[in-house]
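**Student:** Using only what follows, build the 3D model:
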Amino acid sequence: MTPRAKQSGPNLFTAAGLDKNAPRPLADRLRPQKLLEVVGQDHLLGHDGTLTRMLETRSLGSLVFWGPPGTGKTTVARLLAQETDLHFEQISAIFTGVADLKKVFEQARARRESGQGTLLFVDEIHRFNRAQQDSFLPVMEDGTIVLVGATTENPSFELNAPLLSRARVLVFRSLDEAAIEKLLARAEEIEGKPLPLDADARASLIRMADGDGRASLTLVEEVWRAARAGEIFDEAGLQNIVQRRAPIYDKGQDGHYNLISALHKSVRGSDPDAALYYLARMFDAGEDPLYIARRVVRMAVEDIGLADPQALVICNAAKDAYDFLGSPEGELAIAQAVIYVATAPKSNAGYTAYGAAMRTAKEHGSLLPPKHILNAPTRLMKDEGYGRGYAYDHDTQEAFSGQNYFPDALPRQTFYDPPERGFEREIRKRLDYWAKLRKERNSS
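**Tutor:** Alright, predicted model coming up:
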């Protein structure tokens, strides 16, 4: 038998467009060639933008670009090198070790000696440890490199103070809907065809991009690949094609802290609708509900306190309900607690009183309480005056003696100052009345 001839035709690699002659991804083809083409960062690159002014004065120094993915950090760094005639060198902190850094620095020194400066772009710079970050300081100071670091994490927490003191932090913003729309229009112009989406689906795609320009163009490519001739997708059809892009949320990083901060401040600002929105965002992203429940308990203590003593009870009950019911039923209990604390009267009087008392305790050391409120279990202590003159409050008129309970060496302090809100309005009345009685009885 003669062997069967092998079928000819493109293999899967070629058919998938992965051979060396395959067209580049849309995001790469749309990469701006000039700073003016960068969208969504007008505060940096507009007429009065920070980088525009730097370039006009030729005073480009080391920079840290802080912002979400897909906002143009790498592109802007590359174009800055082009505008300033600097050699562009790019490394990633994920794949670069100490030996690699030394080699990069040596090459930059060699260029400097021949009259060529180097703009060193370091992606994910926050991934470098303290010693690696410190290694940049000498070459930044002597002008061997102009450092441009990019990070998605808060530089204040992730970068060393010495490095931050030698670089200016510039914030890149998530792309708004108008900026994403510009990218879509530019993609349609390059491809020479409209996106096969109706108006609602187009708006949905922009929302799915979540402020990430690169992600928006990836979604666009998926739509064009899936569309048959003459087909127009509605919103449901779009979701079937691209599925659903996961929210940008890292439970250990900035997304986590940003959303819990937004939830807390919405509760503090008595906005239950905004609070529920951020709560839903966190649940949707897979945050641990018990972590959220603990934070809601903290809100009850810190921002409501005795203005509504029931708030702490309800928040603890919500935590117990989640423990008992699990997900998803238990999440409703946490949502109800969030609504309660958001609509409760607010007071941080207890929180600030505790802080003030703690500061006073630390400042004044180990002062002995006044002897009249000390027990005297031994004869020696009685002879020293312990317990002498103590007035048992229940035996006095209105169960209030008005005695001094602060150390003799410490003047009377006022830590707790309840506002005229919620249940603390009643506490305020009691404190004012007791202050009046104390003044009368001490003067007599």
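**Student:** can you map out the helices along the stretch 101-250 of the chain?
**Tutor:** 130-134, 136-141, 155-158, 161-165, 177-191, 199-209, 213-226, 235-242 (DSSP state H, counting those that start in this stretch).
**Student:** so which of the ones you listed comes closest to residue 421?
**Tutor:** Residue 421 lies closest, by C-beta to C-beta, to one member of the helices of the stretch 101-250 of the chain: helix 155-158, at 34.4 Å. Glycine gets a C-beta too; all of them are placed from N, C-alpha and C.
**Student:** Which residues does that closest one contact?
**Tutor:** Identification of contacts with helix 155-158 by C-beta atoms under 8 Å, 6 or more residues apart in numbering yields 64, 66, 126, 151, 164, 169.
**Student:** Would you mark the buried spots in it?
**Tutor:** Neighbour counts over helix 155-158 (16 or more other C-beta atoms under 10 Å) mark 155, 158 as buried.
**Student:** what do you get for stretch 35-47?
**Tutor:** Neighbour counts over stretch 35-47 (16+ other C-beta under 10 Å) mark 35, 38-41, 44-45 as buried.
**Student:** Dump those residues to TSV, plus secondary structure and pLDDT.
**Tutor:** Below are the buried residues of stretch 35-47 laid out as TSV (DSSP: H, G, I helix; E, B strand; the rest coil; pLDDT from 0 to 100):
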residue	secondary structure	pLDDT
35	helix	89
38	coil	91
39	coil	91
40	coil	90
41	coil	92
44	helix	92
45	helix	91
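**Student:** what's the burial count for residue 224?
**Tutor:** 14 (other C-beta atoms under 10 Å).
**Student:** my read: it touches residue 196, true?
**Tutor:** Yes: between residue 224 and residue 196 there is a contact under C-beta atoms under 8 Å: 7.4 Å.
**Student:** pLDDT score for the nearest residue to residue 186 once chain neighbours are set aside?
**Tutor:** Spatially, and ignoring its direct neighbours in sequence, residue 186 is nearest to residue 30 (5.8 Å; C-beta to C-beta, 6 or more residues apart in numbering). pLDDT, residue 30: 82.
**Student:** how about residue 30, phi and psi?
**Tutor:** Residue 30 has phi and psi values of phi -90, psi 0 when expressed as degrees, to the nearest 10.
**Student:** Tell me how many other residues crowd residue 239.
**Tutor:** Count around residue 239 with other C-beta under 10 Å applied: 15.
**Student:** Then residue 240?
**Tutor:** Look at residue 240: counted by other C-beta under 10 Å, it has 11 neighbours.
**Student:** Make sure residue 36 is indeed in a helix.
**Tutor:** Yes: checked against DSSP: H, G, I helix; E, B strand; the rest coil, residue 36 lies within a helix.
**Student:** Tell me the spacing between it and residue 47.
**Tutor:** 10 Å (C-beta to C-beta, to the nearest Å).
**Student:** Likewise for residue 76?
**Tutor:** From residue 76 over to residue 47 the distance is 16 Å, taken as C-beta to C-beta.
**Student:** okay, now the domains of the protein?
**Tutor:** Listed by automatic domain parsing, the domain ranges of the chain are 41-171, 177-185+194-242, 254-343, 370-443.
**Student:** Figure out which of those is closest to residue 25.
**Tutor:** Judged by C-beta to C-beta, the one of these that comes nearest to residue 25 is domain 177-185+194-242, at 7.0 Å.
**Student:** do you know how far the residue nearest the centre of the chain is from residue 206?
**Tutor:** Centroid-nearest residue in the chain, with C-alpha atoms, centre = their mean: residue 258, separated by 3.0 Å. From residue 258 across to residue 206, the span is 21 Å (C-beta to C-beta).
**Student:** for residue 374, same thing?
**Tutor:** Note on residue 374: its distance to residue 206, by C-beta to C-beta, is 71 Å.
**Student:** Take stretch 169-186, keep the C-alpha atoms, and write them as PDB.
**Tutor:** The C-alpha coordinates for stretch 169-186 follow below in PDB (Å, rounded to 0.1, in the frame of the first residue of the first chain):
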ATOM      1  CA  VAL A 169       4.700  60.900  41.000                       C
ATOM      2  CA  LEU A 170       2.300  61.400  38.100                       C
ATOM      3  CA  VAL A 171      -1.200  59.900  38.400                       C
ATOM      4  CA  PHE A 172      -2.600  58.200  35.300                       C
ATOM      5  CA  ARG A 173      -6.400  58.100  35.300                       C
ATOM      6  CA  SER A 174      -8.700  55.400  34.100                       C
ATOM      7  CA  LEU A 175     -10.000  56.200  30.700                       C
ATOM      8  CA  ASP A 176     -13.500  57.700  30.700                       C
ATOM      9  CA  GLU A 177     -16.200  56.700  28.200                       C
ATOM     10  CA  ALA A 178     -15.300  59.500  25.900                       C
ATOM     11  CA  ALA A 179     -11.700  58.400  25.700                       C
ATOM     12  CA  ILE A 180     -12.700  54.700  25.100                       C
ATOM     13  CA  GLU A 181     -15.000  55.900  22.400                       C
ATOM     14  CA  LYS A 182     -12.100  57.700  20.700                       C
ATOM     15  CA  LEU A 183     -10.200  54.400  20.700                       C
ATOM     16  CA  LEU A 184     -13.100  52.600  19.100                       C
ATOM     17  CA  ALA A 185     -13.500  55.200  16.400                       C
ATOM     18  CA  ARG A 186      -9.800  55.000  15.700                       C
END
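**Student:** Excluding sequence neighbours, find me the nearest residue to residue 160.
**Tutor:** residue 133 (4.7 Å).
**Student:** Now do the phi/psi pair for residue 428.
**Tutor:** Reported as degrees, to the nearest 10, the phi and psi values for residue 428 are phi -60, psi -40.
**Student:** pLDDT weak spots in this structure?
**Tutor:** 1-23, 244-255 (pLDDT under 70).
**Student:** One more pass at 50, please.
**Tutor:** By pLDDT under 50, the weakly predicted segments of the chain are 1-3, 5-6, 246.
**Student:** the strands in it, which residues?
**Tutor:** Taking DSSP state E as the test, the strands found in the chain are 63-66, 87-92, 118-123, 146-151, 168-171.
**Student:** how about the nearest residue to residue 349, chain neighbours excluded?
**Tutor:** Spatially, and ignoring its direct neighbours in sequence, residue 349 is nearest to residue 418 (4.8 Å; C-beta to C-beta, 6+ apart).
**Student:** looking at it, that neighbour is touching residue 432, isn't it?
**Tutor:** No: contact criterion C-beta under 8 Å: residue 418 and residue 432 do not qualify, at 10.1 Å.
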